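A.B. asks: Sequence and predicted structure are below.
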Amino acid sequence: MRPVSSWGRLSAEPHQVTALSDIATLADELRGKGPAIPLGRGRSYGDACLNPGGTLLDTARLDRFHSFDPETGRLVCEAGVQLRDIQRFMVPRGWGLPVIPGTQHVSVGGAIANDVHGKNHHRVGSFGHHVRNLTLVRTEGEVVDCGPGVRPDLFAATVGGIGLTGLIATAELQLQPVAGPWLDTEILPYRSLDEFLTLADDSESLWEHTVSWLDCTAGSRTRGIFLRANPAVDQSRKPPSPRRLAVPVTPPLPVFNRLTLPAFNSAYYQLNSRRGGAKRRPFDTFLFPLDDLQDWNRLYGPRGFYQYQLVVPRDAGPAALRDILDIIARSGQGSFLAVIKTFGNRASPGLLSFPAPGITLSLDFPNRGARTERLFVELDAVVRAAAGRLYLAKDARMPRQLFEAGYPRAAELAKFRDPGMSSGMSRRLMGH
Amino acid sequence: MNQKKRIVVIGATSAIAEHCCRLWVQRGPVELILVARNVALAERIAADLRARGGQAEVSVETFDFLSTPAIAGSVARWTSQKPVDIALIAHGVLSQQQPCQDDIERARESVEVNGVSPILFAEAFAGAMEHAGSGTIGMIGSVAGDRGRRINYVYGASKALMDRYAQGMQHRFAGSAIKVVLIKPGPTDTPMTADQKARGRRLASVESVAQGTVDAIDRGTAVAYLPRKWQLIMFVVRALPNFIFNRLNI
């Protein structure tokens, strides 16, 4: 038993960590294990990848590629392969992952189990849309293949299924042709939520990646920085080697707090609105800015932090977002990392997939105990009234009622669950 | 001109060796000969390397690592047609100390696999590279070879044998185009050290140790401690007088 934390560092409960390393003997190794839950890179923020007192099936060493077809771009690899590794080996060969979330340091298994999305959701959908097939190993010792064409019901339960249908052992992914590592990017400041929505709508048809930072200390009269990018036509320059900094220690207090936050937000806004405009940048610094700052989650101090990511439908969205921003501004518990993006209309592939047509907002909050929870209760009410939902990969505390309201198909998962798989999250939201 | 580098990896299923191979296939065209006792696993590693690198030619071989005719014959075969640019000798087992004390047969196995076998490979490659006039021999030693300690001196002594052997070969090839590189990793996060990790010990990542190994081989560094801090730590450990050292539980 050793203490394990997820990315939010809210807890460090003891877990029995079983390191899986041999793909050939997985079925024997998993038989009768339980209650257990697969662990990828531990990048979900809450308890989706935790199982206090129980077993974690660590897939870090299931990190081999099995085959790659340079004609079709189909890659078969093990679940523990990091997305960064796929990019590192495949981009020089002219292929890349269609969907990468805000960090490349997640595993293929985790990307499927959370059906992650990227800044190009409006173009390509979520990660699950690009999975052609996957092999599940279940604790009964069963090995099952599924995909959009084979056992599609089990596949829909597994994509976004937070590990509850069995351990994803391997997956076949459809990569997309990429010209190279450079993006042509544009930075545009905006001064209201309406301005953001106009920018987002205008950008969707012509820009592959769109995302935006938002100043949440200003309430509904918000301002922000809109970012959009397309693959550069001229890829001739050699990409720079990444500069990586690290947060070496956990500060005793969150770096972003009531006193420092307005200053951080103002500085960030001013800096970016001045250097706005067009610029060619490498895809990784544009798409994964936080990957250059190792262990950034320590900035929130020893008590950890919550990330609250919601999606609300487009119609009710703007009004709900205004309410949410006002509630946050009033509470004085804002966050520096506030990201807003519009999702495309493509239907998500999983029963518990998060993306839905509308607007998604994600916010970090240092853990201040009951005060933070009181804020969340207020936000929950707005999300629920607007028929929105919260992202399971980020969640550590949503009440069961909100989960059931936000994920109306959740009950269908039950018949596909692996009886040996259970996590902190599944017990909290589904009772077992 | 064929610019493909030829690299032979002995003990190719070792985690450090596998990650070195990933770095080599990422760099460009390469021919890799993977030599391993566990052929099934080596074949999976070969498939992985072929999928990662478009221009990697990977083959797998196996034989008895303690048979001198097999070692001499194989090295002669690999080096006869084209010279081998790099030979990475990475095989070994992290043998526990207590079983070696309880049964000297275990001690013999540990010394043979971790000490004798690697130097036989190194000697065979040295002869072939001397003949070809160039090449690099990389050997994975260990910080455990720097000073005998009660918790692992059978393993440590085997690695110490490799240490002195590498030193002698470096003397032999000084001033030539043949390089002998001794890598001394500190505790590294590999399947070999899974029980140390379970006890909560902080381990170096295998990726960083592999990167350091590939860099040291490129530069022809004589001795590379990885991560670098182990050079200082082991300097202190070696320098401790016996009357202090023998009271420490390290």
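C.D. replies: Done, it's in.
A.B. asks: Residue 202: neighbouring residues, count only.
C.D. replies: With no chain named, the answer covers chain A. Per other C-beta atoms under 10 Å in any protein chain shown, the neighbour tally for A:D202 reads 13. All C-beta atoms are positioned from the backbone trio N, CA, C, and that covers glycine.
A.B. asks: if you could check chain B rather than the one you did, that'd help
C.D. replies: Other residues lying near B:R202 total 8 when counted by other C-beta under 10 Å.
A.B. asks: Repeat that for A:L56.
C.D. replies: Other residues lying near A:L56 total 21 when counted by other C-beta under 10 Å.
A.B. asks: That one: what secondary structure?
C.D. replies: What DSSP: H, G, I helix; E, B strand; the rest coil gives for A:L56 is strand.
A.B. asks: In terms of pLDDT, where does it sit?
C.D. replies: pLDDT for A:L56: 96.
A.B. asks: May I have the beta-bridge partners of it?
C.D. replies: For A:L56, the beta-bridge partners are A:V17, A:I37 (DSSP bridges).
A.B. asks: residues contacting it?
C.D. replies: A:L56 sits next to A:V4, A:H15, A:Q16, A:V17, A:T18, A:A36, A:I37, A:P38, A:L39, A:C49, A:L50 when contact means C-beta atoms under 8 Å, 6 or more residues apart in numbering or on different chains.
A.B. asks: Tell me how far it lies from chain B.
C.D. replies: Computed with C-beta to the nearest C-beta, to the nearest Å, the distance linking A:L56 and chain B is 12 Å.
A.B. asks: A:I112 now?
C.D. replies: When distance is defined by C-beta to the nearest C-beta, A:I112 is 19 Å away from chain B.
A.B. asks: contacting residues around that residue?
C.D. replies: When the contact criterion is C-beta under 8 Å, 6+ apart, the partners of A:I112 are A:A79, A:F127, A:G128, A:V131, A:L134, A:T158, A:V159, A:I168, A:A171.
A.B. asks: Doesn't it belong to a helix?
C.D. replies: Yes: the assignment for A:I112, made by three-state DSSP, places it in a helix.
A.B. asks: So which elements touch the lowest-mean-pLDDT helix or strand in chain B?
C.D. replies: Considering only helices and strands, the least confidently modelled element of chain B by mean pLDDT, DSSP states H and E is helix B:194-198, at a mean of 76. Helix B:194-198 is packed against strand A:13-19, with contacts defined by 3 or more C-beta pairs under 8 Å, 6 or more residues apart in numbering or on different chains; DSSP states H and E.
A.B. asks: in the strand it packs on, what counts as buried?
C.D. replies: Applying a neighbour-count criterion of 16 or more other C-beta atoms under 10 Å in any protein chain shown, one finds A:H15, A:Q16, A:V17, A:T18, A:A19 buried in strand A:13-19.
A.B. asks: tell me which of the residues you listed is nearest to chain B?
C.D. replies: For the buried residues of strand A:13-19, the residue nearest chain B by C-beta to the nearest C-beta is A:A19; the value is 5.7 Å.
A.B. asks: Around chain A, pick out the residues from chain B.
C.D. replies: Where chain B comes near chain A, counting by C-beta under 8 Å from any C-beta of the partner chain, the residues are B:26, B:40-41, B:44-45, B:47-48, B:50-54, B:191, B:194, B:197-198, B:200.
A.B. asks: Buried ones among those residues?
C.D. replies: Taking 16+ other C-beta under 10 Å as the criterion, what is buried in those is B:26, B:41, B:44-45, B:47-48, B:50-54, B:194, B:197.
A.B. asks: quick revisit: can I get the contacts of A:L56 in a markdown table with pLDDT?
C.D. replies: Rendered in a markdown table, the data for the contacts of A:L56 read as follows (pLDDT from 0 to 100):
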| residue | pLDDT |
| --- | --- |
| A:V4 | 94 |
| A:H15 | 95 |
| A:Q16 | 93 |
| A:V17 | 92 |
| A:T18 | 92 |
| A:A36 | 96 |
| A:I37 | 97 |
| A:P38 | 97 |
| A:L39 | 97 |
| A:C49 | 97 |
| A:L50 | 97 |
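A.B. asks: ok so, going back, and the two most separated of the buried residues of strand A:13-19?
C.D. replies: When the buried residues of strand A:13-19 are compared pair by pair using C-beta to C-beta, the farthest-apart members prove to be A:H15 and A:A19, with a separation of 12.1 Å.
A.B. asks: circling back: quick one: which of the residues of chain B next to chain A sit in helices?
C.D. replies: B:26, B:40-41, B:44-45, B:47-48, B:50-52, B:194, B:197-198 (DSSP state H).
A.B. asks: Quick check: the two most widely separated of those?
C.D. replies: Maximum pairwise distance in those, criterion C-beta to C-beta, is 33.1 Å, between B:R50 and B:A198.
A.B. asks: for chain B, what's the longest strand?
C.D. replies: Across chain B, the strand with the greatest residue count (assigned by DSSP state E) is strand B:178-185.
A.B. asks: Each with direction, which strands does that strand pair with?
C.D. replies: strand B:135-140 (parallel), strand B:223-226 (parallel).
A.B. asks: How far off centre is that strand?
C.D. replies: The gap between where strand B:178-185 is centred and where its chain is centred comes out at 8 Å by C-alpha atoms, centre = their mean, to the nearest Å.
A.B. asks: With stretch B:32-43 instead?
C.D. replies: Worked out by C-alpha atoms, centre = their mean, stretch B:32-43 lies 15 Å from the chain centre.
A.B. asks: isn't B:A76 right next to B:H131, touching?
C.D. replies: No: in this structure B:A76 lies outside contact range of B:H131 using C-beta atoms under 8 Å: 10.2 Å.
A.B. asks: Grab the nearest non-local neighbour of residue 125.
C.D. replies: Defaulting to chain A. Nearest non-adjacent residue to A:G125, counting by C-beta to C-beta, 6 or more residues apart in numbering or on different chains: A:R346, 4.3 Å away.
A.B. asks: actually chain B
C.D. replies: Distance criterion C-beta to C-beta, 6+ apart; nearest residue to B:F125, sequence neighbours excluded, is B:A87 at 4.4 Å.
A.B. asks: Need the three-state assignment for the closest residue to A:F256 other than its chain neighbours.
C.D. replies: Nearest residue to A:F256, sequence neighbours excluded (C-beta to C-beta, 6+ apart): A:F336, at 4.5 Å. Using three-state DSSP, the structure places A:F336 in coil.
A.B. asks: tally of neighbours for A:F336?
C.D. replies: Using other C-beta under 10 Å: A:F336 sits among 20 other residues.
A.B. asks: State the distance from it to chain B.
C.D. replies: On the measure of C-beta to the nearest C-beta, A:F336 and chain B end up 29 Å apart.
A.B. asks: next one: A:I359
C.D. replies: Using C-beta to the nearest C-beta, one obtains 38 Å as the distance from A:I359 to chain B.
A.B. asks: now for the helix or strand harbouring that residue, which elements pack on it?
C.D. replies: Under the criterion DSSP states H and E, the helix or strand holding A:I359 is strand A:358-366. For strand A:358-366, the contact count by 3+ C-beta pairs under 8 Å, 6+ apart identifies strand A:305-312, helix A:317-331, strand A:338-343, helix A:370-385 as packing neighbours.
A.B. asks: Format these as TSV; extra columns: mean pLDDT, mean neighbour count and distance to A:F196.
C.D. replies: Putting the helices and strands packed on strand A:358-366 into TSV (pLDDT from 0 to 100; neighbours: other C-beta atoms under 10 Å in any protein chain shown; distance: least, C-beta to C-beta, whole Å) gives the following:
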stretch	mean pLDDT	mean neighbour count	distance to A:F196
strand A:305-312	96	24	14
helix A:317-331	93	19	9
strand A:338-343	94	22	7
helix A:370-385	96	16	18
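A.B. asks: any chance of the ones you listed in JSON lines, plus distance to B:G127?
C.D. replies: JSON lines is the format used below for those (distance: least, C-beta to C-beta, whole Å):
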{"stretch": "strand A:305-312", "distance to B:G127": "61"}
{"stretch": "helix A:317-331", "distance to B:G127": "73"}
{"stretch": "strand A:338-343", "distance to B:G127": "62"}
{"stretch": "helix A:370-385", "distance to B:G127": "69"}
